[in-house]
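I'll drop the sequence and a predicted model, then ask my questions.
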Amino acid sequence: MTIRKTAFGLAALAALATSAPSAFAQDLPAPVQARQGQMDAMALNIGVLAGMARGNTEYDAEAAQAAANNLVALSQIDQRFSWPEGTDNFSLDGSRALPAIWENMAGFTEDYVAFGAAATGLAAVAGDGLEAVQAALGPLGGTCGACHDDFRQSQ
Amino acid sequence: MRRVFLLFLAVAVAVLGILFYLTLPARVPPEELAGLSGDAVAGEAVFWAAGCASCHAPEEARGEDRLVLSGGRAFPSDFGTFRAPNISMDPEHGIGAWSFADFVTALQEGVSPEGRNYYPAFPYTAYRLAERQDLADLWAFWQTLPASDTPSLPHDIGFPFSIRRTVGVWNLLNMPDGFTVTGELSAEAERGRYLAEALAHCAECHTPRDALGGLDRAAWMTGAPNPSGTGTIPPLTPDELRWSEAEIAAYLADGFTPSFDSAGGHMADVIRNLANLSDADRLAIAAYLKALPPAE
């Protein structure tokens, strides 16, 4: 029984080793997974608002408000545990975080604060109608891009 | 022996003479432009489609400040660093003293009013394909733009490209005589081709270049290394860019990818321009991208 199990385990491991891409998400350190998950959550909620702004879905004041509130909440997650040294894109396969983050933590933090301010601005008007959402979404997207420009590896 | 040498010398002089003649900086004669009159409102649409502000407005400029074309941005390349000049309406530091013929000569021949070649970091090879009426409208809009007295910064280009006349030879090899994508196109895709190839000059970044920096038109829009550092500029051919036309058009307006990631890098600047186009024009660009020949 044990031999068979061991053989199966080895075969499975071998299959994994040969077919696996260079980095498994679960191989990444927990802080990297956490910050990538935070970005995904931002994208999910921006998607709700952008879907309305683009006219793909109907404007829904309550859903817009919920998405905007989520973005504010996401902007308030304290980042001190998410960016340990040695988790930049040169150190890790599977991260696009540039070393510039650690060279310029003040600028990085400033960009994050700007995202929070834009999210707060959006949340203040999210229930006021489609045009208000459209107007506030542009500046919010601008803060995403501003930070990505300086601190994320382009693809 | 002496005769052979003399013959060789004569041929060399003749070749140089022909080359000198062929690379003479061209001028658009004002007579060719007679009868054109520009409309500033129409010219604003041309201005945003042509992406002037992407390079000539300061990097941090937003909103109205993107109309201040004071220059200064640096563009690193294999040949050195190019710096976008001041092209605001200032008569001394900008182009406020130019005639319309000067403007068209710059945009379509890549030649300054003094008869010097511009470097092709300035995409005159694209603007060469623009309609003269659009340029008249653009020049009318230009008259409404603010002046900036910020002096232009010099380029930092190594020998032999520091000699501007070498660009004349480059032009012989690289000046297009028509659109790159040919063949049957829908009216919408044709409009998109005009916007993308003549005005928005997408290929300047999205097409790979040869050793001399000329666009490899056989690999049109198939992506390229990023000239400003690491990473790559993505391919736009339909086998690679699988977004729907509506998704492409929406991305060009609000900067969000279909998975609601944000546009970054120079593309964010491009979108700040294209956001000012009509929905129909953004959809036309998307239709053109879908009509591109796939990468081989």
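Thanks, I have it.

buried residues in the biggest helix by length in chain A?
Using DSSP state H to define each element, chain A has its longest helix at helix A:30-53. Across helix A:30-53, burial judged by 16 or more other Cβ atoms under 10 Å in any protein chain shown covers A:32, A:35-36, A:42-43, A:45-53. C-beta here means a position set from N, CA and C on the backbone, and glycine is covered the same way.

out of the residues you listed, who's near chain B?
A:43, A:46, A:47, A:50, A:53 (Cβ under 8 Å from any Cβ of the partner chain).

The residue nearest to the third one when sequence neighbours are not counted - how many residues pack around it?
Once its chain neighbours are removed from consideration, residue A:47 has its nearest residue in residue B:260; the separation is 4.0 Å (Cβ to Cβ, 6 or more residues apart in numbering or on different chains). If you count neighbours by other Cβ atoms under 10 Å in any protein chain shown, residue B:260 ends up with 20.

Let's see the pLDDT reported for residue B:260.
In this model, residue B:260 is scored at 93, pLDDT.

Could you do the one 3 residues further on as well?
At residue B:263, the predicted lDDT confidence score is 78.

For residue A:121, grab the count of nearby residues.
16.

doesn't residue A:142 make contact with it?
No - contact criterion Cβ atoms under 8 Å: residue A:121 and residue A:142 do not qualify, at 11.5 Å.

ok, now how distant is the residue lying closest to residue B:161 once chain neighbours are set aside from chain A?
Excluding the flanking residues, the one nearest residue B:161 by Cβ to Cβ, 6+ apart is residue B:79, at 5.0 Å. According to Cβ to the nearest Cβ, to the nearest Å, residue B:79 and chain A sit 22 Å apart.

My guess is residue B:79 contacts residue B:160. True?
No - Residue B:79 is beyond contact range of residue B:160, at 9.9 Å (criterion: Cβ under 8 Å).

Please say which of the two ends up with more neighbours.
residue B:79 (18 against 9).

residue contacts, that one?
Neighbouring residues of residue B:79 by Cβ atoms under 8 Å, 6 or more residues apart in numbering or on different chains: B:157, B:158, B:161, B:213.

could you dump those to JSON lines with secondary structure, distance to residue B:139 and pLDDT?
As requested, these are arranged in JSON lines below (DSSP: H, G, I helix; E, B strand; the rest coil; distance: Cβ to Cβ, whole Å; pLDDT from 0 to 100):
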{"residue": "B:157", "secondary structure": "strand", "distance to residue B:139": "29", "pLDDT": "88"}
{"residue": "B:158", "secondary structure": "coil", "distance to residue B:139": "34", "pLDDT": "85"}
{"residue": "B:161", "secondary structure": "coil", "distance to residue B:139": "30", "pLDDT": "83"}
{"residue": "B:213", "secondary structure": "coil", "distance to residue B:139": "28", "pLDDT": "90"}
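
Farthest pair within those residues?
B:158 and B:213 (12.9 Å; Cβ to Cβ).

the more surrounded of those two?
Higher neighbour count among residue B:158 and residue B:213: residue B:213, with 16 against 10, using other Cβ under 10 Å.

so that one touches residue B:75, yeah?
No - with contact defined as Cβ under 8 Å, residue B:213 does not reach residue B:75; the gap is 11.8 Å.

what's the neighbour count on the residue of the stretch 1-150 of chain B found nearest chain A?
Nearest to chain A, among the residues of the stretch 1-150 of chain B, is residue B:62, at 7.6 Å (Cβ to the nearest Cβ). Around residue B:62 there are 11 other residues, counting by other Cβ under 10 Å.

Which pLDDT value belongs to it?
The model's pLDDT for residue B:62 equals 85.

What does it show for phi and psi?
When read as degrees, to the nearest 10, the backbone of residue B:62 gives phi -140, psi 160.

Quick check: the gap between it and residue B:274.
Between residue B:62 and residue B:274 the distance, using Cβ to Cβ, to the nearest Å, works out to 15 Å.

and chain A, which residues reach chain B?
So chain A meets chain B at A:43-44, A:46-47, A:50, A:53-54, A:137-138, A:141-142, A:144-145, A:148-149, A:152-155 (Cβ under 8 Å from any Cβ).

Quick test: name the residue nearest the centre of chain A.
residue A:39 (0.9 Å; Cα atoms, centre = their mean).

Per-residue pLDDT of that one, please?
96.

host element of residue A:113?
helix A:105-125 (DSSP states H and E).

Run the angle between the next helix or strand after that helix and helix A:30-53 for me.
Next along the chain after helix A:105-125, taking DSSP H and E as the criterion, comes helix A:130-151. If you take axes from the mean of the first three to the mean of the last three Cα atoms, to 10 degrees, helix A:130-151 sits at 150 degrees to helix A:30-53.

Return the distance of the longest helix seen in chain B from the chain's centre.
If you go by DSSP H, chain B has its longest helix at helix B:2-22. Distance of helix B:2-22 from its chain centroid, counting by Cα atoms, centre = their mean, to the nearest Å, is 35 Å.

Report all helices and strands that that helix contacts.
helix B:166-174 (3 or more Cβ pairs under 8 Å, 6 or more residues apart in numbering or on different chains; DSSP states H and E).

mean confidence score for the helix it packs on?
91.

Contacts made by that helix with the rest, please.
Against helix B:166-174 from outside (Cβ under 8 Å, 6+ apart): B:19, B:22-25, B:110, B:117-120, B:125, B:160-161, B:212-215.

same deal with stretch B:201-221?
Applying Cβ under 8 Å, 6+ apart, the external contacts of stretch B:201-221 come out as B:50-51, B:77-79, B:120, B:123, B:125-127, B:170, B:173-174, B:176, B:180-181, B:196-197, B:222-225, B:227, B:233-237, B:266, B:289, B:292-293, B:295-296.

now with 7 Å?
B:51, B:77-79, B:120, B:123, B:126, B:170, B:173-174, B:180-181, B:196-197, B:222-224, B:233, B:235-237, B:266, B:292, B:295 (Cβ atoms under 7 Å, 6 or more residues apart in numbering or on different chains).

Tell me which of these fall in strands.
B:77, B:224, B:233 (DSSP state E).

any idea which of these is closest to residue A:101?
residue B:233 (22.8 Å).
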